[in-house]
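>>> show me how the following folds:
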Amino acid sequence: MDTPRLSNILFLDIECVPQHSSFYDLDDQMQKLWEKKASYMMWRAEEWTTVADLYDNRSGIYAEFGKIIVISVWAIIQNEEWNRVFSVRSFSGDDEAAIISWLFEYLNGHFNKTYHRLWGHNIKEFDIPYICRRAIVNNIPLANIVDVSWKKPWEVNHLDTLEYWKFGDRKNFTSLDLLCRINGIDTPKDDISWEQVARVYRDEKDIARIQTYCEKDVVATAKLFLKFVGKSHEMPEDVINW
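Coordinates of the predicted model:
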C-alpha cells in the first residue's frame, strides 16, 4: 500500500472506564457474567486478586462491561486564512452516546471517501471494535469508515502503528510508550497511563485530566507515523485545539 497523504488521515484514540463504580453495583446476572469472564483472567492475576478487583481494574477494556468517556482525533484542517494547520479535537464526558455520535457525524461529514484512513496504536484490535460495539449498544448507526463487518481485509481503511512496527511479526506487541521512547518522541504517559484511567475517573472524577492524556496519545501516534514515513519535519511543535 502506498503511503497515504497526511491530509487524508485521521488519527484517533479513545479512553474507556468500567460502566459502574464497583462490581457490586452490577445486577445479579451481570455479576455472574463478569465472574465467568474474569475466570479466564484469574490464572494470570496475583493470588490476592478477586473478581471484584478485576472488575475495578480491567472491565473498562471490554466493551461489554466498559464505556467510552473520551475520544480524541488529530487531523489537518484549514484555518480562517486557508492555511493548513495541525489540530487535535476531543469530545469527553459521561454521555457515551453523545461522544460516539459526535465522532460518527465528523467521520460521515469529513472522512467518508475510499482514500480516507484512520490511524491509531492498536486501533484494529481495540479502538475501532470497541467504538463499534458501544455504538450498537447505544443504538447508533455505524459510520461507514468503521463498519468493516462485511469488508474484505484489503478493503479496511484502518492503519495501525502497532501493526506497522510488527513488519510481519505476528507475536510482537510493543507499547506506544516504548515506541515513543526509542524513536525520540516525548512520552504521552508522563502523567497517567491507561491502567490508571479507571481510578482517576472513579476516585477523582477528573475527565479533563484523562482527556489531556488521550490527546497526548493521539499526537504521539501522529508523530510516530511521520517518523515511520520519513516526514518528521512536517510535524510542528505546537498543535492547536479546534
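
>>> hey, which helix or strand in the protein has the poorest pLDDT?
strand 240-241 (a mean of 54; mean pLDDT, DSSP states H and E).

>>> which elements pack onto the longest helix seen in the chain?
Counting residues, the longest helix found in the chain (DSSP state H) is helix 207-228. If contacts are counted by 3 or more C-beta pairs under 8 Å, 6 or more residues apart in numbering; DSSP states H and E, helix 207-228 sits against strand 9-18, strand 66-78, strand 84-92, strand 117-120, helix 161-166, helix 176-182. Quick note: C-beta positions are derived from backbone N, CA and C, even for glycine.

>>> can I get the ones you listed in CSV with distance to residue 126?
As requested, those are exported to CSV (distance: least, C-beta to C-beta, whole Å):
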stretch, distance to residue 126
strand 9-18, 8
strand 66-78, 11
strand 84-92, 18
strand 117-120, 8
helix 161-166, 9
helix 176-182, 11
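
>>> what comes into contact with stretch 117-124?
Stretch 117-124 is contacted from outside by 4, 8-13, 111, 127-128, 145-146, 156-163, 176, 179, 217-218, 221-222, 224-225, using C-beta atoms under 8 Å, 6 or more residues apart in numbering.

>>> meant to ask about stretch 179-199, not that
By C-beta under 8 Å, 6+ apart, the residues outside stretch 179-199 that reach it are 15-18, 56-57, 60, 121, 161, 165, 176-177, 200, 209-210, 212-213, 216-217, 219-220, 223-224, 227.

>>> rerun at 6 Å
15, 17-18, 60, 177, 200, 210, 213, 216-217, 220, 223-224, 227 (C-beta atoms under 6 Å, 6 or more residues apart in numbering).

>>> that older thread, any of the contacts of stretch 117-124 buried? List them.
Among those, the ones that count as buried by 16 or more other C-beta atoms under 10 Å are 4, 9-13, 111, 127-128, 145-146, 157-163, 176, 179, 217-218, 221-222, 224-225.

>>> if we can go back for a sec, just the buried ones from the contacts of stretch 179-199, in PyMOL syntax?
In PyMOL, this line selects whichever of these come out buried by 16+ other C-beta under 10 Å:
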select buried, resi 15+17+18+60+177+200+210+213+216+217+220+223+224+227
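
>>> can you add distance to residue 76 and pLDDT and give the contacts of stretch 179-199 back as TSV?
Output for the contacts of stretch 179-199, formatted as TSV (distance: C-beta to C-beta, whole Å; pLDDT from 0 to 100):
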residue	distance to residue 76	pLDDT
15	23	96
17	30	96
18	35	96
60	31	94
177	25	90
200	31	92
210	25	95
213	23	93
216	19	91
217	18	92
220	17	91
223	14	88
224	16	90
227	17	89
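
>>> just send the contacts of stretch 179-199 back as JSON lines, with distance to residue 191 too.
As requested, the contacts of stretch 179-199 are exported to JSON lines (distance: C-beta to C-beta, whole Å):
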{"residue": "15", "distance to residue 191": "13"}
{"residue": "17", "distance to residue 191": "16"}
{"residue": "18", "distance to residue 191": "21"}
{"residue": "60", "distance to residue 191": "18"}
{"residue": "177", "distance to residue 191": "12"}
{"residue": "200", "distance to residue 191": "9"}
{"residue": "210", "distance to residue 191": "10"}
{"residue": "213", "distance to residue 191": "6"}
{"residue": "216", "distance to residue 191": "8"}
{"residue": "217", "distance to residue 191": "11"}
{"residue": "220", "distance to residue 191": "13"}
{"residue": "223", "distance to residue 191": "18"}
{"residue": "224", "distance to residue 191": "19"}
{"residue": "227", "distance to residue 191": "23"}
